[in-house]
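Colleague: below are the sequence and a predicted model; questions follow.
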Amino acid sequence: MRKPARRIARFTQTLMFASTLILAAPAFAQTASPPPGATPAGDGTFLLTIFLRHDESKTLPQINQQLKEQGYFKAFPPPGVEVVSWYVMMGIGQVVTLRVPADRLREVNRAIESTAWGGYRTEFYPTYDYKAAAQKLREEMNK
């Protein structure tokens, strides 16, 4: 990727992240119970979103071959870690959200470090389900 395109991509990512933080601010005052499917407070798990960014110097078959050789498809996600969502983000790679027991975070990290690096560049983000709160806020603001 050329430098100007990389700068634009980085600026867009930063802008999206900042927008998320700003929009999430009202959630701190929330007292409503979590929506169905959301992680209940105190269950010892958290949501973790992982960006698996494609190595653009390789073709998809080359990436998949490297991942296979490194054992990625056997090791990730580790058994007992729930996949909440797994999307392809065109031009970026894959975005995986996991429900992770807090005491298994290291295991998830090691699975990525040992098997995904080289095929993907990775980014990790603690995540929470904001969909129901955002919908409620939109409804309140449109009254």
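Modeller: Sure thing, it's come through. Numbering: from 1, shown residues only.

Colleague: please count neighbours and contacts with C-alpha atoms only from this point.
Modeller: Fine.

Colleague: residue 84 is in contact with residue 127, correct?
Modeller: No. Counting by CA atoms under 8 Å, no contact exists between residue 127 and residue 84, whose distance comes to 11.3 Å.

Colleague: now the most centrally placed residue in the chain: how far from residue 59?
Modeller: Of all residues in the chain, the one closest to the mean position by CA atoms, centre = their mean is residue 49, 2.0 Å from it. Computed as CA to CA, to the nearest Å, the residue 49 to residue 59 distance reads 24 Å.

Colleague: surely residue 47 is in contact with residue 105?
Modeller: No. Proximity of residue 47 to residue 105 does not meet the contact threshold set by CA under 8 Å, at 10.5 Å.

Colleague: can you list the weak-confidence ranges in the chain?
Modeller: In the predicted model, the chain carries pLDDT under 70 at residues 1-41.

Colleague: now do the helices in it.
Modeller: Secondary structure of the chain, counting by DSSP state H: helices at 3-24, 60-70, 72-75, 105-115, 131-141.

Colleague: please save the CA atoms from stretch 77-97 in PDB.
Modeller: This file holds the C-alpha atoms of stretch 77-97, laid out as PDB (Å, rounded to 0.1, in the frame of the first residue of the first chain):
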ATOM      1  CA  PRO A  77     -10.200 -20.400  18.600                       C
ATOM      2  CA  PRO A  78      -9.200 -22.600  21.600                       C
ATOM      3  CA  PRO A  79     -11.800 -25.200  22.700                       C
ATOM      4  CA  GLY A  80     -14.300 -23.700  25.100                       C
ATOM      5  CA  VAL A  81     -13.900 -20.100  23.800                       C
ATOM      6  CA  GLU A  82     -17.200 -19.000  22.200                       C
ATOM      7  CA  VAL A  83     -17.200 -17.300  18.800                       C
ATOM      8  CA  VAL A  84     -19.800 -14.500  19.000                       C
ATOM      9  CA  SER A  85     -19.100 -13.300  15.400                       C
ATOM     10  CA  TRP A  86     -16.600 -13.800  12.600                       C
ATOM     11  CA  TYR A  87     -16.800 -11.400   9.600                       C
ATOM     12  CA  VAL A  88     -14.600 -10.700   6.600                       C
ATOM     13  CA  MET A  89     -14.000  -7.000   6.300                       C
ATOM     14  CA  MET A  90     -13.100  -6.400   2.700                       C
ATOM     15  CA  GLY A  91      -9.700  -4.800   2.200                       C
ATOM     16  CA  ILE A  92      -8.800  -5.500   5.900                       C
ATOM     17  CA  GLY A  93      -9.100  -9.100   6.700                       C
ATOM     18  CA  GLN A  94     -11.200 -10.900   9.300                       C
ATOM     19  CA  VAL A  95     -12.800  -9.500  12.500                       C
ATOM     20  CA  VAL A  96     -13.500 -12.100  15.200                       C
ATOM     21  CA  THR A  97     -15.400 -11.400  18.400                       C
END
